[in-house]
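>>> The following comprises the amino acid sequence and a computationally predicted model.
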Amino acid sequence: MSAERLAPSRSDLRRWRQHLADERAEAAIYRDLAQRRTGADREILLALADAEARHEQHWLDLLGTDVGTPNRPLLRTRALGFLARHFGSVFVLALAQRAEARSTYESDADATPRMAADERVHEEVVRALAARGRNRLSGAFRAAVFGANDGLVSNLALVLGVSATGVSTHILLATGMAGLLAGALSMGAGEYVSVQSQRELLEASTPNPHTGAALPQLDVEANELALVYRARGMSEAEAGAKAEEVLRTLDSGDTGSIDEAARDDPHEAVGSGLTAGLSSFCCFASGALIPVLPFLFGLHGAVAIGLSAGLVGVALLATGVIVGLLSGGPPLLRALRQLLIGYGAAAITYALGLMFGAGFG
């Protein structure tokens, strides 16, 4: 004789209702994201929403007539839903990835092993979707974060180091603005040269688009086209088979694939050197401006120095949180890392300024 299932406790009912509310909210998030996409991405997001609906049904079955008034989703889930409805960007996908990673189904006795496995797979699916967006913005994002943080830390260190020598506020302001301009110009020029050099290297490695026109005149017996594919890393057998396939296509009168055959996979665009340079200039300047803001508004002495350090600290925490969210890592740890590195560099420079100030005094 099988034992009857015990009536659920109040804590069980609260937990089940919370799971139900979160599953409903997560399904809505994926549907909202799907509305902003087309093709395979849209289908994948809708499939994730359907999976969350299956999980929702599990909690409905457990609750039975005890569903009660629907709970509100957790605050982080509601915030994610708001972002999905209004933005639908890689930022939201990164947050969704973290939400899936926080699933408690593996330790919840009332969740099935299949549900726990679903959540782990969902994390990887969202990670893959977010990775496409991360790849698209990785270069620009790297330059923006690097430029802004460099401006914040270098100019704060410069201002603190010079202030420790006991100079006047006027000299501090002039030093800060000079540091802003010099650093921004250096960053902009460096980024321009870096991107242009990368483009030139890629262009040198890109197959000549006119090579396809020479294919009809190739000696079919020698088949030197195979050497192209061997040089690209194929084995001798693979290169021979690929070359024969291309020549057969040529014999059939289909010339549309000739250039494609000679070109292999196209290189991804790396952006414009001028755009990258201007972006780095602006990002560095925006970061470097923050440490000198108190002096621009007429403050001086310890008040100005303290406010300058505080403003930079807030900015470093903000950039750290953004990096953490987009990378899928813990935002708080990333923020504290940014803050400690920035303040550490500024503290060292300030100590050196005290030493020099004492020596000149």
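Yep, it's here.
>>> A276 contacts E191, doesn't it?
Yes - contact criterion C-beta atoms under 8 Å: A276 and E191 qualify, at 4.7 Å. In this view, the C-beta of every residue, glycine as well, is placed from N, C-alpha and C.
>>> Chain neighbours aside, what residue packs nearest to L46?
A34 (4.9 Å; C-beta to C-beta, 6 or more residues apart in numbering).
>>> how close does that neighbour sit to F91?
Distance, A34 to F91, by C-beta to C-beta, to the nearest Å: 17 Å.
>>> which of the two has more neighbours?
Counted by other C-beta atoms under 10 Å, A34 and F91 do not tie: A34 has more neighbours, with 20 against 16.
>>> Need the three-state assignment for that one.
Look at A34: counting by DSSP: H, G, I helix; E, B strand; the rest coil, its state is helix.
>>> where's it relative to H58, distance?
Counting by C-beta to C-beta - A34 and H58 are separated by 22 Å.
>>> Could you list the low-confidence segments of the stretch 51-200 of the chain?
70, 76, 80-81, 83-89, 132-143 (pLDDT under 70).
>>> If you count neighbours, what's buried in stretch 22-38?
Neighbour counts over stretch 22-38 (16 or more other C-beta atoms under 10 Å) mark 22-34 as buried.
>>> helix or strand right after the helix or strand where V159 lies?
Element membership for V159 (DSSP states H and E) is helix 113-163. Sequence order places helix 169-205 as the next helix or strand after helix 113-163, per DSSP H and E.
>>> How confident was the prediction at L307?
As predicted, L307 sits at a pLDDT of 95.
>>> Quick check, it in contact with G298.
No - the criterion here is C-beta under 8 Å, and L307 misses it with G298 at 11.8 Å.
>>> between the two, who's got more neighbours?
Taking other C-beta under 10 Å, L307 and G298 do not tie; L307 has more neighbours (16 against 9).
>>> circling back to that earlier point, mind giving me the packing neighbours of the helix holding V159?
Helix 113-163 sits against helix 39-63, helix 90-101, helix 169-205, helix 273-296, helix 301-327, helix 331-360, with contacts defined as 3 or more C-beta pairs under 8 Å, 6 or more residues apart in numbering; DSSP states H and E.
>>> How far does it sit from its chain's centre?
Chain-centre distance of helix 113-163: 4 Å, with C-alpha atoms, centre = their mean, to the nearest Å.
>>> Check the spacing between Q35 and L45 real quick.
Distance, Q35 to L45, by C-beta to C-beta: 9 Å.
>>> tell me the contacts of P294?
303-305, 307-308, 311 (C-beta atoms under 8 Å, 6 or more residues apart in numbering).
>>> most neighbours, which of the residues you listed?
Highest neighbour count within the contacts of P294: S308, with 25 neighbours (other C-beta under 10 Å).
>>> Test my guess that it contacts L158.
No - using C-beta under 8 Å, S308 makes no contact with L158, being 10.9 Å away.
>>> what's the overlap in contacts for the two?
Joint contacts of S308 and L158 (C-beta under 8 Å, 6+ apart) are P291.
>>> Would you mind giving the contacts of P294 as JSON lines with distance to Y350 added?
Output for those, formatted as JSON lines (distance: C-beta to C-beta, whole Å):
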{"residue": "V303", "distance to Y350": "16"}
{"residue": "A304", "distance to Y350": "14"}
{"residue": "I305", "distance to Y350": "9"}
{"residue": "L307", "distance to Y350": "15"}
{"residue": "S308", "distance to Y350": "12"}
{"residue": "L311", "distance to Y350": "16"}
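>>> List just the nearest of those to G240.
L311 (65.3 Å; C-beta to C-beta).
>>> so that closest one sits right up against L289, yeah?
No - contact criterion C-beta under 8 Å: L311 and L289 do not qualify, at 10.0 Å.
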